[in-house]
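Asks: based on what follows, work out the 3D shape:
(2 chains, ligands or ions: 2)
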Amino acid sequence: MIEIRNIRKSFGDKTVIDGVSALMKPGQCNLIIGISGSGKTVLMKCMVGLFQPDSGEVLYDGKDFTNMKSDEKTDVRKEIGMLFQGSALFDSLTVEQNVMFPLNMFTNNSYRTNLKRVNEVLAKVNLQDTNKKFPAELSGGMKKRVGIARAIVLNPKYLFCDEPNSGLDPQTSMVIDRLIRDITEEYQITTVVNTHDMNSVMENGDYIIYMYEGRKEWEGNRKEIIFSKSQRLNDFIFASEFLKDAKDMRMLEETGKIANERDMTQLTDQDAPTLVPPPDEE
Amino acid sequence: MKIIGEIGQYLLMIKGMLSRPESMKMYWKEFIHQCSDIGIGSLGIVMIISIFMGAVSTVQTAYQLVSPLIPKSSIAQIVRDTVILEFAPTLICIVLAGVVGSKIASELGNMRVSEQIDALEIMGINTKTYLVLPKILAALLVIPMLVVIAAVLGIWGGRLAGSMADIISNSTFDKGLLEGFLPYNVFFALVKAYTFAFLISSVPAYFGYYVQGGSLEIGRASTKAVVTSCILILFADYILAALLL
Ligand SMILES: Nc1ncnc2c1ncn2[C@@H]1O[C@H](COP(=O)(O)OP(=O)(O)OP(=O)(O)O)[C@@H](O)[C@H]1O
Ligand SMILES: [Mg+2]
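Replies: Ligands and ions are numbered 1, 2, ... in the order given. Got it, this is the predicted structure:
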(Lines give C-alpha, C1' and ligand atoms only; values in the text may rest on other atoms or scores of the structure.)
(Ligands and ions follow the chains in the order given, each with its own letter.)
Protein backbone atom coordinates (compact mmCIF):
# COMPACT_ATOMS: atom_id res chain seq x y z
CA MET A 1 0.00 0.00 0.00
CA ILE A 2 1.25 3.45 -0.88
CA GLU A 3 -0.12 6.58 0.67
CA ILE A 4 0.78 10.05 -0.47
CA ARG A 5 -0.07 13.03 1.67
CA ASN A 6 -0.24 16.54 0.40
CA ILE A 7 2.64 16.33 -2.06
CA ARG A 8 3.88 19.62 -3.42
CA LYS A 9 6.61 20.15 -5.95
CA SER A 10 7.71 23.21 -7.87
CA PHE A 11 10.46 23.90 -10.38
CA GLY A 12 11.60 27.46 -9.94
CA ASP A 13 8.43 29.43 -9.38
CA LYS A 14 6.30 26.99 -11.38
CA THR A 15 4.21 24.74 -9.15
CA VAL A 16 3.91 21.40 -10.89
CA ILE A 17 2.31 19.32 -8.12
CA ASP A 18 0.02 21.17 -5.78
CA GLY A 19 -1.03 19.27 -2.67
CA VAL A 20 -1.95 15.83 -3.97
CA SER A 21 -3.03 13.07 -1.59
CA ALA A 22 -4.05 9.53 -2.47
CA LEU A 23 -4.21 6.01 -1.10
CA MET A 24 -3.11 3.24 -3.43
CA LYS A 25 -3.99 -0.27 -2.39
CA PRO A 26 -2.23 -3.53 -3.24
CA GLY A 27 -3.72 -5.93 -5.74
CA GLN A 28 -5.29 -3.17 -7.75
CA CYS A 29 -4.25 -0.90 -10.58
CA ASN A 30 -4.04 2.67 -9.45
CA LEU A 31 -4.15 5.05 -12.40
CA ILE A 32 -2.99 8.60 -12.64
CA ILE A 33 -4.63 10.24 -15.62
CA GLY A 34 -4.53 13.72 -17.04
CA ILE A 35 -3.55 15.68 -20.12
CA SER A 36 0.03 16.00 -21.25
CA GLY A 37 1.93 18.29 -18.92
CA SER A 38 -0.49 17.91 -16.00
CA GLY A 39 2.26 16.54 -13.77
CA LYS A 40 1.78 12.77 -13.92
CA THR A 41 5.42 11.93 -14.46
CA VAL A 42 6.58 14.42 -11.84
CA LEU A 43 4.11 12.98 -9.31
CA MET A 44 5.32 9.48 -10.03
CA LYS A 45 8.94 10.53 -9.69
CA CYS A 46 8.12 12.17 -6.36
CA MET A 47 6.58 8.90 -5.21
CA VAL A 48 9.66 6.84 -6.03
CA GLY A 49 12.05 9.49 -4.73
CA LEU A 50 13.67 10.56 -8.00
CA PHE A 51 12.40 14.02 -7.15
CA GLN A 52 12.37 15.22 -3.57
CA PRO A 53 8.93 16.77 -2.97
CA ASP A 54 9.01 20.28 -1.49
CA SER A 55 6.56 19.16 1.16
CA GLY A 56 4.30 16.22 1.94
CA GLU A 57 4.98 12.55 2.58
CA VAL A 58 5.06 9.31 0.69
CA LEU A 59 4.39 6.23 2.81
CA TYR A 60 5.18 2.70 1.73
CA ASP A 61 3.15 0.35 3.90
CA GLY A 62 3.00 3.01 6.56
CA LYS A 63 6.71 3.84 6.51
CA ASP A 64 7.63 7.40 5.67
CA PHE A 65 9.78 7.09 2.56
CA THR A 66 10.48 10.78 1.99
CA ASN A 67 12.43 11.21 5.20
CA MET A 68 14.22 7.86 5.25
CA LYS A 69 17.98 7.51 5.42
CA SER A 70 19.52 6.50 2.14
CA ASP A 71 20.16 2.86 3.03
CA GLU A 72 16.57 2.44 4.22
CA LYS A 73 15.44 3.99 0.96
CA THR A 74 17.57 1.49 -0.90
CA ASP A 75 15.76 -1.35 0.86
CA VAL A 76 12.38 -0.01 -0.25
CA ARG A 77 13.65 0.54 -3.77
CA LYS A 78 14.65 -3.08 -4.11
CA GLU A 79 10.93 -3.83 -3.95
CA ILE A 80 10.06 -1.26 -6.62
CA GLY A 81 9.89 -1.97 -10.32
CA MET A 82 9.50 0.92 -12.68
CA LEU A 83 8.84 1.35 -16.38
CA PHE A 84 9.95 4.75 -17.64
CA GLN A 85 8.15 6.81 -20.24
CA GLY A 86 11.14 6.46 -22.57
CA SER A 87 11.81 2.83 -21.51
CA ALA A 88 15.32 3.71 -20.21
CA LEU A 89 16.90 0.46 -21.36
CA PHE A 90 20.68 0.23 -21.05
CA ASP A 91 21.93 0.85 -24.60
CA SER A 92 25.13 -1.10 -24.20
CA LEU A 93 23.38 -4.28 -23.09
CA THR A 94 21.28 -6.77 -25.04
CA VAL A 95 17.64 -7.42 -24.21
CA GLU A 96 18.62 -10.48 -22.24
CA GLN A 97 21.31 -8.61 -20.31
CA ASN A 98 18.93 -5.73 -19.65
CA VAL A 99 16.30 -7.98 -18.13
CA MET A 100 18.89 -10.05 -16.30
CA PHE A 101 20.58 -6.97 -14.85
CA PRO A 102 18.56 -6.75 -11.61
CA LEU A 103 18.91 -10.50 -11.12
CA ASN A 104 22.69 -10.32 -11.48
CA MET A 105 22.85 -7.35 -9.17
CA PHE A 106 20.71 -8.66 -6.35
CA THR A 107 20.81 -12.45 -6.48
CA ASN A 108 23.57 -15.02 -6.52
CA ASN A 109 21.78 -17.36 -8.88
CA SER A 110 23.58 -19.18 -11.63
CA TYR A 111 23.36 -17.90 -15.18
CA ARG A 112 21.03 -20.74 -16.11
CA THR A 113 18.56 -20.02 -13.32
CA ASN A 114 18.56 -16.36 -14.25
CA LEU A 115 18.16 -17.12 -17.93
CA LYS A 116 15.14 -19.25 -17.16
CA ARG A 117 13.53 -16.39 -15.28
CA VAL A 118 14.43 -13.92 -18.03
CA ASN A 119 12.86 -16.09 -20.69
CA GLU A 120 9.80 -16.51 -18.50
CA VAL A 121 9.19 -12.75 -18.23
CA LEU A 122 10.10 -12.14 -21.87
CA ALA A 123 7.48 -14.72 -22.82
CA LYS A 124 4.99 -12.87 -20.62
CA VAL A 125 5.47 -9.73 -22.68
CA ASN A 126 5.46 -11.68 -25.96
CA LEU A 127 9.11 -11.18 -26.80
CA GLN A 128 10.53 -14.68 -27.06
CA ASP A 129 13.17 -14.36 -29.76
CA THR A 130 14.79 -11.05 -29.03
CA ASN A 131 17.32 -12.09 -26.36
CA LYS A 132 20.38 -11.12 -28.34
CA LYS A 133 19.09 -7.88 -29.82
CA PHE A 134 20.25 -4.46 -28.66
CA PRO A 135 17.71 -1.76 -27.68
CA ALA A 136 18.62 0.27 -30.78
CA GLU A 137 17.34 -2.63 -32.90
CA LEU A 138 13.89 -2.68 -31.29
CA SER A 139 10.72 -0.77 -32.08
CA GLY A 140 9.34 1.65 -29.50
CA GLY A 141 6.67 -0.80 -28.41
CA MET A 142 9.16 -3.62 -28.05
CA LYS A 143 11.35 -1.40 -25.88
CA LYS A 144 8.34 -0.71 -23.66
CA ARG A 145 7.75 -4.40 -23.27
CA VAL A 146 11.39 -5.10 -22.45
CA GLY A 147 11.11 -2.27 -19.91
CA ILE A 148 8.13 -4.00 -18.31
CA ALA A 149 9.95 -7.32 -18.31
CA ARG A 150 12.89 -5.71 -16.53
CA ALA A 151 10.59 -4.02 -14.03
CA ILE A 152 8.85 -7.26 -13.02
CA VAL A 153 11.76 -9.68 -13.17
CA LEU A 154 12.44 -9.44 -9.43
CA ASN A 155 8.74 -9.78 -8.48
CA PRO A 156 8.38 -6.26 -7.12
CA LYS A 157 5.94 -5.32 -4.39
CA TYR A 158 5.30 -1.96 -5.98
CA LEU A 159 5.14 -1.46 -9.73
CA PHE A 160 5.23 1.93 -11.41
CA CYS A 161 4.49 2.27 -15.11
CA ASP A 162 4.82 5.62 -16.83
CA GLU A 163 2.60 5.37 -19.90
CA PRO A 164 3.05 1.65 -20.54
CA ASN A 165 1.02 1.70 -23.71
CA SER A 166 1.74 4.98 -25.38
CA GLY A 167 3.04 4.25 -28.85
CA LEU A 168 1.63 0.73 -28.94
CA ASP A 169 -1.01 -0.60 -31.30
CA PRO A 170 -4.40 -1.26 -29.67
CA GLN A 171 -3.87 -5.00 -29.63
CA THR A 172 -0.45 -4.97 -27.98
CA SER A 173 -1.71 -2.24 -25.73
CA MET A 174 -4.43 -4.58 -24.50
CA VAL A 175 -1.94 -7.38 -23.98
CA ILE A 176 0.15 -5.04 -21.83
CA ASP A 177 -2.89 -3.88 -19.86
CA ARG A 178 -3.95 -7.47 -19.19
CA LEU A 179 -0.42 -8.38 -18.23
CA ILE A 180 -0.22 -5.53 -15.75
CA ARG A 181 -3.62 -6.44 -14.37
CA ASP A 182 -2.77 -10.14 -14.08
CA ILE A 183 0.53 -9.72 -12.28
CA THR A 184 -1.00 -7.08 -10.04
CA GLU A 185 -3.70 -9.49 -8.92
CA GLU A 186 -1.57 -12.60 -8.87
CA TYR A 187 1.22 -11.16 -6.72
CA GLN A 188 -0.89 -8.55 -4.92
CA ILE A 189 1.35 -5.77 -6.22
CA THR A 190 0.56 -2.13 -5.59
CA THR A 191 0.56 -0.93 -9.17
CA VAL A 192 0.64 2.72 -10.18
CA VAL A 193 0.11 3.54 -13.85
CA ASN A 194 0.28 6.88 -15.64
CA THR A 195 -1.85 6.82 -18.70
CA HIS A 196 -4.00 8.76 -21.07
CA ASP A 197 -5.26 5.66 -22.82
CA MET A 198 -9.01 5.38 -22.28
CA ASN A 199 -9.00 1.69 -22.92
CA SER A 200 -6.67 1.16 -19.95
CA VAL A 201 -8.80 3.45 -17.84
CA MET A 202 -11.89 1.39 -18.53
CA GLU A 203 -10.13 -1.98 -18.26
CA ASN A 204 -7.81 -1.42 -15.33
CA GLY A 205 -9.08 1.59 -13.42
CA ASP A 206 -9.60 0.18 -9.93
CA TYR A 207 -8.63 3.51 -8.50
CA ILE A 208 -8.18 6.57 -10.66
CA ILE A 209 -6.95 10.03 -9.87
CA TYR A 210 -7.41 12.73 -12.45
CA MET A 211 -4.74 15.41 -12.45
CA TYR A 212 -5.36 18.87 -13.75
CA GLU A 213 -2.61 21.50 -13.59
CA GLY A 214 -0.92 19.72 -10.72
CA ARG A 215 -4.03 19.27 -8.61
CA LYS A 216 -6.12 16.18 -8.04
CA GLU A 217 -9.35 17.13 -9.71
CA TRP A 218 -11.23 13.87 -9.24
CA GLU A 219 -10.79 10.36 -7.81
CA GLY A 220 -12.82 7.20 -8.12
CA ASN A 221 -12.96 3.94 -10.06
CA ARG A 222 -13.78 2.98 -13.63
CA LYS A 223 -17.48 2.62 -12.86
CA GLU A 224 -17.75 5.97 -11.16
CA ILE A 225 -15.81 7.78 -13.84
CA ILE A 226 -18.64 7.60 -16.37
CA PHE A 227 -20.95 9.33 -13.94
CA SER A 228 -18.46 12.00 -12.99
CA LYS A 229 -19.88 15.50 -12.95
CA SER A 230 -16.53 17.19 -13.55
CA GLN A 231 -16.75 18.88 -16.93
CA ARG A 232 -12.97 18.88 -17.36
CA LEU A 233 -12.72 15.18 -16.65
CA ASN A 234 -15.54 14.47 -19.06
CA ASP A 235 -13.92 16.52 -21.77
CA PHE A 236 -10.65 14.74 -21.14
CA ILE A 237 -11.92 11.18 -21.15
CA PHE A 238 -14.66 11.38 -23.68
CA ALA A 239 -12.80 13.57 -26.08
CA SER A 240 -14.13 12.00 -29.27
CA GLU A 241 -17.70 11.34 -30.44
CA PHE A 242 -16.89 7.68 -30.53
CA LEU A 243 -15.90 7.67 -26.89
CA LYS A 244 -18.97 9.70 -25.96
CA ASP A 245 -21.10 6.98 -27.52
CA ALA A 246 -19.12 4.34 -25.69
CA LYS A 247 -19.72 6.21 -22.47
CA ASP A 248 -23.47 6.17 -23.01
CA MET A 249 -23.35 2.50 -23.68
CA ARG A 250 -21.45 1.87 -20.48
CA MET A 251 -23.84 4.03 -18.57
CA LEU A 252 -26.72 1.97 -19.80
CA GLU A 253 -24.99 -1.23 -18.86
CA GLU A 254 -24.11 0.01 -15.40
CA THR A 255 -27.56 1.26 -14.57
CA GLY A 256 -29.06 -1.92 -15.98
CA LYS A 257 -31.43 0.02 -18.15
CA ILE A 258 -30.37 -1.26 -21.48
CA ALA A 259 -32.93 -4.05 -21.35
CA ASN A 260 -35.76 -1.73 -20.61
CA GLU A 261 -36.28 0.38 -23.64
CA ARG A 262 -38.72 2.80 -22.13
CA ASP A 263 -36.46 3.63 -19.17
CA MET A 264 -33.54 3.92 -21.51
CA THR A 265 -35.14 6.59 -23.62
CA GLN A 266 -35.97 8.45 -20.47
CA LEU A 267 -32.44 8.23 -19.20
CA THR A 268 -30.70 9.64 -22.22
CA ASP A 269 -33.15 11.40 -24.39
CA GLN A 270 -30.48 13.08 -26.52
CA ASP A 271 -27.63 10.66 -26.96
CA ALA A 272 -28.69 7.12 -26.32
CA PRO A 273 -31.30 6.49 -29.04
CA THR A 274 -28.61 6.37 -31.69
CA LEU A 275 -27.07 3.39 -29.94
CA VAL A 276 -30.04 1.05 -29.81
CA PRO A 277 -32.82 0.37 -32.27
CA PRO A 278 -35.75 2.71 -31.82
CA PRO A 279 -38.57 1.08 -29.81
CA ASP A 280 -41.04 1.00 -32.65
CA GLU A 281 -38.82 -1.10 -34.88
CA GLU A 282 -39.35 -4.22 -32.84
CA MET B 1 29.83 31.72 -6.55
CA LYS B 2 28.64 29.19 -9.11
CA ILE B 3 32.07 27.63 -9.30
CA ILE B 4 32.18 27.05 -5.54
CA GLY B 5 28.83 25.30 -5.80
CA GLU B 6 30.18 23.12 -8.60
CA ILE B 7 33.29 22.21 -6.65
CA GLY B 8 31.08 21.31 -3.70
CA GLN B 9 28.88 19.11 -5.87
CA TYR B 10 31.97 17.48 -7.37
CA LEU B 11 33.34 16.67 -3.91
CA LEU B 12 29.95 15.30 -2.84
CA MET B 13 29.97 13.04 -5.89
CA ILE B 14 33.41 11.75 -4.93
CA LYS B 15 32.22 11.15 -1.38
CA GLY B 16 28.95 9.56 -2.48
CA MET B 17 30.86 7.17 -4.68
CA LEU B 18 32.54 5.51 -1.73
CA SER B 19 29.89 3.02 -0.68
CA ARG B 20 29.66 -0.71 -0.54
CA PRO B 21 29.00 -2.36 -3.92
CA GLU B 22 25.69 -4.21 -4.20
CA SER B 23 27.28 -7.05 -6.10
CA MET B 24 31.02 -7.55 -6.34
CA LYS B 25 30.66 -9.61 -9.49
CA MET B 26 28.83 -6.86 -11.42
CA TYR B 27 31.20 -4.15 -10.27
CA TRP B 28 34.19 -6.25 -11.24
CA LYS B 29 32.68 -6.78 -14.68
CA GLU B 30 32.12 -3.05 -15.07
CA PHE B 31 35.68 -2.34 -13.91
CA ILE B 32 37.19 -4.74 -16.46
CA HIS B 33 34.95 -3.30 -19.14
CA GLN B 34 36.17 0.22 -18.35
CA CYS B 35 39.81 -0.89 -18.25
CA SER B 36 39.53 -2.28 -21.74
CA ASP B 37 37.56 0.74 -22.93
CA ILE B 38 40.06 3.26 -21.61
CA GLY B 39 43.21 1.21 -22.12
CA ILE B 40 42.76 -0.69 -25.36
CA GLY B 41 40.59 2.09 -26.75
CA SER B 42 43.34 4.68 -26.57
CA LEU B 43 46.40 2.47 -27.00
CA GLY B 44 46.68 3.17 -30.74
CA ILE B 45 46.69 6.94 -30.50
CA VAL B 46 49.07 6.86 -27.52
CA MET B 47 51.53 4.70 -29.49
CA ILE B 48 51.49 6.92 -32.57
CA ILE B 49 51.82 10.14 -30.61
CA SER B 50 54.66 8.93 -28.42
CA ILE B 51 56.82 7.59 -31.25
CA PHE B 52 56.56 10.87 -33.17
CA MET B 53 57.01 12.89 -30.01
CA GLY B 54 60.34 11.12 -29.32
CA ALA B 55 61.44 11.39 -32.92
CA VAL B 56 60.75 15.09 -33.09
CA SER B 57 62.55 15.78 -29.84
CA THR B 58 65.70 14.01 -31.08
CA VAL B 59 65.73 15.99 -34.31
CA GLN B 60 65.06 19.30 -32.61
CA THR B 61 67.56 18.76 -29.81
CA ALA B 62 70.25 17.93 -32.37
CA TYR B 63 69.33 21.07 -34.27
CA GLN B 64 69.75 23.20 -31.15
CA LEU B 65 73.02 21.59 -29.98
CA VAL B 66 75.42 22.98 -32.52
CA SER B 67 78.51 23.30 -30.26
CA PRO B 68 81.14 20.64 -30.98
CA LEU B 69 82.09 20.75 -27.27
CA ILE B 70 78.90 18.98 -26.23
CA PRO B 71 79.08 15.23 -26.77
CA LYS B 72 76.47 13.63 -29.06
CA SER B 73 75.33 11.34 -26.25
CA SER B 74 73.76 14.25 -24.40
CA ILE B 75 71.09 14.34 -27.11
CA ALA B 76 69.93 10.98 -25.76
CA GLN B 77 69.99 12.32 -22.21
CA ILE B 78 67.90 15.32 -23.11
CA VAL B 79 65.39 13.25 -25.08
CA ARG B 80 65.12 10.76 -22.22
CA ASP B 81 64.51 13.42 -19.61
CA THR B 82 62.00 15.51 -21.56
CA VAL B 83 60.08 12.42 -22.57
CA ILE B 84 59.96 11.02 -19.04
CA LEU B 85 59.39 14.29 -17.25
CA GLU B 86 56.99 16.09 -19.49
CA PHE B 87 56.01 14.52 -22.77
CA ALA B 88 54.86 11.09 -21.65
CA PRO B 89 52.87 12.12 -18.58
CA THR B 90 51.57 15.55 -19.52
CA LEU B 91 51.18 15.52 -23.28
CA ILE B 92 49.71 12.03 -23.34
CA CYS B 93 47.30 12.90 -20.54
CA ILE B 94 46.16 16.02 -22.37
CA VAL B 95 45.40 13.83 -25.36
CA LEU B 96 43.67 11.28 -23.12
CA ALA B 97 41.59 14.05 -21.57
CA GLY B 98 40.16 14.52 -25.05
CA VAL B 99 39.79 10.86 -25.94
CA VAL B 100 38.76 9.35 -22.62
CA GLY B 101 37.22 12.45 -21.03
CA SER B 102 34.75 13.16 -23.80
CA LYS B 103 33.78 9.51 -23.89
CA ILE B 104 33.11 9.35 -20.15
CA ALA B 105 31.16 12.62 -20.15
CA SER B 106 28.99 11.73 -23.11
CA GLU B 107 28.35 8.18 -21.93
CA LEU B 108 27.16 9.33 -18.51
CA GLY B 109 25.34 12.32 -19.99
CA ASN B 110 23.43 10.06 -22.33
CA MET B 111 22.54 7.73 -19.47
CA ARG B 112 21.30 10.69 -17.45
CA VAL B 113 19.21 12.19 -20.24
CA SER B 114 17.64 8.90 -21.29
CA GLU B 115 16.76 8.15 -17.64
CA GLN B 116 19.04 5.12 -17.47
CA ILE B 117 20.63 6.54 -14.32
CA ASP B 118 17.15 6.96 -12.82
CA ALA B 119 16.36 3.37 -13.77
CA LEU B 120 19.44 2.19 -11.88
CA GLU B 121 18.55 4.36 -8.87
CA ILE B 122 15.06 2.85 -8.77
CA MET B 123 16.54 -0.62 -8.65
CA GLY B 124 18.29 0.47 -5.45
CA ILE B 125 21.74 0.78 -6.96
CA ASN B 126 24.06 3.58 -5.87
CA THR B 127 24.74 4.99 -9.32
CA LYS B 128 27.70 7.08 -8.21
CA THR B 129 29.39 3.94 -6.99
CA TYR B 130 28.35 1.77 -9.90
CA LEU B 131 28.95 4.22 -12.74
CA VAL B 132 31.67 6.58 -11.54
CA LEU B 133 33.92 4.55 -9.26
CA PRO B 134 34.85 1.80 -11.77
CA LYS B 135 35.76 4.48 -14.32
CA ILE B 136 38.07 6.27 -11.91
CA LEU B 137 39.68 3.04 -10.68
CA ALA B 138 40.15 1.81 -14.24
CA ALA B 139 41.74 5.12 -15.20
CA LEU B 140 44.05 4.94 -12.20
CA LEU B 141 45.16 1.49 -13.24
CA VAL B 142 45.40 1.91 -16.98
CA ILE B 143 46.55 5.49 -17.57
CA PRO B 144 49.87 5.15 -15.68
CA MET B 145 50.47 2.02 -17.77
CA LEU B 146 49.83 4.01 -20.92
CA VAL B 147 52.22 6.68 -19.69
CA VAL B 148 54.96 4.09 -19.14
CA ILE B 149 54.34 2.65 -22.60
CA ALA B 150 54.45 6.18 -24.01
CA ALA B 151 57.78 6.88 -22.31
CA VAL B 152 59.36 3.69 -23.63
CA LEU B 153 58.02 4.19 -27.14
CA GLY B 154 58.97 7.87 -27.08
CA ILE B 155 62.58 7.11 -26.29
CA TRP B 156 62.59 4.33 -28.86
CA GLY B 157 61.16 6.73 -31.43
CA GLY B 158 63.91 9.20 -30.63
CA ARG B 159 66.56 6.53 -31.07
CA LEU B 160 65.03 5.46 -34.38
CA ALA B 161 64.89 9.02 -35.69
CA GLY B 162 68.47 9.61 -34.57
CA SER B 163 69.84 6.68 -36.54
CA MET B 164 67.60 7.21 -39.55
CA ALA B 165 68.62 10.83 -39.95
CA ASP B 166 72.26 10.05 -39.18
CA ILE B 167 72.20 12.36 -36.19
CA ILE B 168 73.36 9.91 -33.56
CA SER B 169 74.25 6.24 -33.78
CA ASN B 170 72.34 3.67 -31.81
CA SER B 171 75.28 2.81 -29.60
CA THR B 172 75.96 6.45 -28.71
CA PHE B 173 72.29 6.91 -27.99
CA ASP B 174 72.22 3.85 -25.70
CA LYS B 175 75.31 5.11 -23.90
CA GLY B 176 73.68 8.51 -23.42
CA LEU B 177 70.53 6.95 -22.05
CA LEU B 178 72.41 5.54 -19.07
CA GLU B 179 74.37 8.69 -18.31
CA GLY B 180 73.11 10.62 -15.31
CA PHE B 181 69.86 8.69 -15.12
CA LEU B 182 67.75 9.69 -12.10
CA PRO B 183 65.19 7.07 -11.02
CA TYR B 184 63.45 9.90 -9.15
CA ASN B 185 62.29 11.27 -12.52
CA VAL B 186 60.36 8.09 -13.19
CA PHE B 187 58.75 8.34 -9.78
CA PHE B 188 57.84 11.95 -10.53
CA ALA B 189 56.35 10.96 -13.87
CA LEU B 190 54.21 8.32 -12.16
CA VAL B 191 52.98 10.76 -9.53
CA LYS B 192 51.90 12.99 -12.38
CA ALA B 193 50.29 10.10 -14.22
CA TYR B 194 48.19 9.11 -11.19
CA THR B 195 47.12 12.69 -10.52
CA PHE B 196 46.16 13.29 -14.13
CA ALA B 197 44.40 9.93 -14.37
CA PHE B 198 42.18 10.94 -11.48
CA LEU B 199 41.41 14.29 -13.11
CA ILE B 200 40.77 12.80 -16.55
CA SER B 201 38.21 10.38 -15.15
CA SER B 202 36.52 12.22 -12.30
CA VAL B 203 36.05 15.65 -13.88
CA PRO B 204 34.31 14.39 -17.05
CA ALA B 205 32.32 11.96 -14.91
CA TYR B 206 31.08 14.92 -12.89
CA PHE B 207 30.05 16.88 -15.97
CA GLY B 208 28.33 13.88 -17.52
CA TYR B 209 26.60 12.65 -14.37
CA TYR B 210 24.93 15.98 -13.67
CA VAL B 211 23.81 16.83 -17.22
CA GLN B 212 20.37 18.39 -17.36
CA GLY B 213 18.35 18.67 -20.51
CA GLY B 214 18.77 16.91 -23.83
CA SER B 215 21.35 15.83 -26.37
CA LEU B 216 22.53 19.39 -26.94
CA GLU B 217 23.59 19.57 -23.31
CA ILE B 218 25.46 16.27 -23.61
CA GLY B 219 27.67 17.82 -26.27
CA ARG B 220 28.16 20.92 -24.21
CA ALA B 221 28.98 18.93 -21.11
CA SER B 222 31.61 16.89 -22.90
CA THR B 223 33.29 19.99 -24.33
CA LYS B 224 33.28 21.58 -20.89
CA ALA B 225 34.63 18.38 -19.40
CA VAL B 226 37.57 18.24 -21.81
CA VAL B 227 38.44 21.93 -21.45
CA THR B 228 38.21 21.84 -17.67
CA SER B 229 40.28 18.71 -17.31
CA CYS B 230 42.99 20.06 -19.66
CA ILE B 231 43.27 23.25 -17.65
CA LEU B 232 43.35 21.30 -14.40
CA ILE B 233 46.05 18.99 -15.78
CA LEU B 234 48.29 21.94 -16.69
CA PHE B 235 47.62 23.56 -13.35
CA ALA B 236 48.38 20.36 -11.44
CA ASP B 237 51.48 19.91 -13.60
CA TYR B 238 52.80 23.22 -12.41
CA ILE B 239 51.93 22.59 -8.76
CA LEU B 240 53.60 19.16 -8.81
CA ALA B 241 56.72 20.53 -10.47
CA ALA B 242 56.94 23.29 -7.88
CA LEU B 243 56.41 20.84 -5.03
CA LEU B 244 58.47 17.85 -6.11
CA LEU B 245 61.35 19.11 -8.21
N1 LIG C 1 12.97 18.57 -14.43
C2 LIG C 1 12.06 19.53 -14.66
N3 LIG C 1 12.38 20.82 -14.53
C4 LIG C 1 11.47 21.79 -14.74
N5 LIG C 1 10.20 21.57 -15.08
C6 LIG C 1 9.81 20.30 -15.23
C7 LIG C 1 10.71 19.21 -15.02
N8 LIG C 1 10.06 18.06 -15.24
C9 LIG C 1 8.80 18.42 -15.57
N10 LIG C 1 8.64 19.76 -15.56
C11 LIG C 1 7.38 20.48 -15.84
O12 LIG C 1 6.36 19.90 -15.09
C13 LIG C 1 5.15 19.84 -15.80
C14 LIG C 1 4.57 18.46 -15.72
O15 LIG C 1 5.40 17.57 -16.43
P16 LIG C 1 5.15 16.01 -16.48
O17 LIG C 1 6.31 15.42 -17.18
O18 LIG C 1 4.83 15.52 -15.13
O19 LIG C 1 3.86 15.90 -17.40
P20 LIG C 1 3.05 14.59 -17.74
O21 LIG C 1 1.72 14.72 -17.11
O22 LIG C 1 3.82 13.38 -17.41
O23 LIG C 1 2.88 14.74 -19.30
P24 LIG C 1 2.96 13.61 -20.47
O25 LIG C 1 1.64 12.96 -20.51
O26 LIG C 1 3.23 14.40 -21.70
O27 LIG C 1 4.07 12.69 -20.12
C28 LIG C 1 5.48 20.30 -17.21
O29 LIG C 1 4.94 21.59 -17.36
C30 LIG C 1 6.97 20.34 -17.29
O31 LIG C 1 7.37 21.44 -18.04
MG1 LIG D 1 4.81 11.92 -18.48
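Asks: hey, let's count contacts and neighbours off CA atoms from now on
Replies: Fine.
Asks: excluding covalently adjacent residues, which one is nearest to the closest residue to chain B within the stretch 101-250 of chain A?
Replies: Residue of the stretch 101-250 of chain A nearest chain B, by CA to the nearest CA: A:M105 (5.4 Å). Leaving aside its sequence neighbours, A:M105 sits nearest to B:S23 (CA to CA, 6 or more residues apart in numbering or on different chains; 5.4 Å).
Asks: tell me the pLDDT at that neighbour?
Replies: You'll see B:S23 listed with a pLDDT of 90.
Asks: so how many other residues sit close to it?
Replies: Using other CA atoms under 10 Å in any protein chain shown, the number of residues around B:S23 comes to 15.
Asks: repeat for A:R150
Replies: Quick note: A:R150 (other CA under 10 Å) scores 28 neighbours.
Asks: make sure B:L146 is indeed in a helix.
Replies: Yes: under DSSP: H, G, I helix; E, B strand; the rest coil, B:L146 sits within a helix.
Asks: make sure it is actually in contact with B:G39.
Replies: Yes: contact status for B:L146 versus B:G39: in contact at 7.3 Å, counting by CA atoms under 8 Å.
Asks: the more surrounded of these two?
Replies: For B:L146 versus B:G39, neighbours defined as other CA under 10 Å are more numerous around B:L146 (25 against 20).
Asks: which ones are touching that one?
Replies: B:39, B:43, B:46 (CA atoms under 8 Å, 6 or more residues apart in numbering or on different chains).
Asks: cool, A:Q85 as well?
Replies: The neighbours of A:Q85, taking CA under 8 Å, 6+ apart as the test, are A:161-164.
Asks: most neighbours, which of those residues?
Replies: Highest neighbour count within those: A:P164, with 27 neighbours (other CA under 10 Å).
Asks: you'd agree that residue is in a helix?
Replies: No: counting by three-state DSSP, A:P164 is not found in a helix; it is coil.
Asks: nearest residue to it in space, please, no chain neighbours.
Replies: Excluding its sequence neighbours, the residue lying closest to A:P164 (CA to CA, 6+ apart) is A:K144, at 6.6 Å.
Asks: tell me the secondary structure at the residue nearest the centre of chain B.
Replies: Among the residues of chain B, the one closest to the centroid is B:C93, at 3.0 Å (CA atoms, centre = their mean). With three-state DSSP as the basis, B:C93 sits in helix.
Asks: quick check, it in contact with B:T195.
Replies: No: if you go by CA under 8 Å, B:C93 and B:T195 don't touch, sitting 10.0 Å apart.
Asks: give the rounded mean pLDDT of the strand or helix carrying B:F235.
Replies: Counting by DSSP states H and E, the element that carries B:F235 is helix B:215-244. Per-residue pLDDT values across helix B:215-244 average out to 96.
Asks: about what we covered before: ok, the residue nearest to the centre of chain B - contacts?
Replies: Counting by CA under 8 Å, 6+ apart, the residues that B:C93 touches are B:147, B:193, B:196-197, B:200, B:233.
Asks: closest to chain A among these?
Replies: B:I200 (22.3 Å).
Asks: pLDDT score for the closest residue to the closest one other than its chain neighbours?
Replies: Distances taken as CA to CA, 6+ apart place B:A97 nearest to B:I200, at 5.2 Å, with adjacent residues excluded. The score at B:A97 is 96. That number is its pLDDT.
Asks: identify the residues contacting B:A97.
Replies: B:200, B:226, B:229-230.
Asks: neighbour-wise, give me the winner out of the contacts of B:C93.
Replies: Ranked by the number of neighbours (other CA under 10 Å), the contacts of B:C93 place B:I200 first, at 33 neighbours.
Asks: ok, back up a step: and the residue nearest to B:I200, how far from chain A?
Replies: 23 Å (CA to the nearest CA, to the nearest Å).
Asks: how about that residue, secondary structure?
Replies: Under three-state DSSP, B:A97 falls in the helix class.
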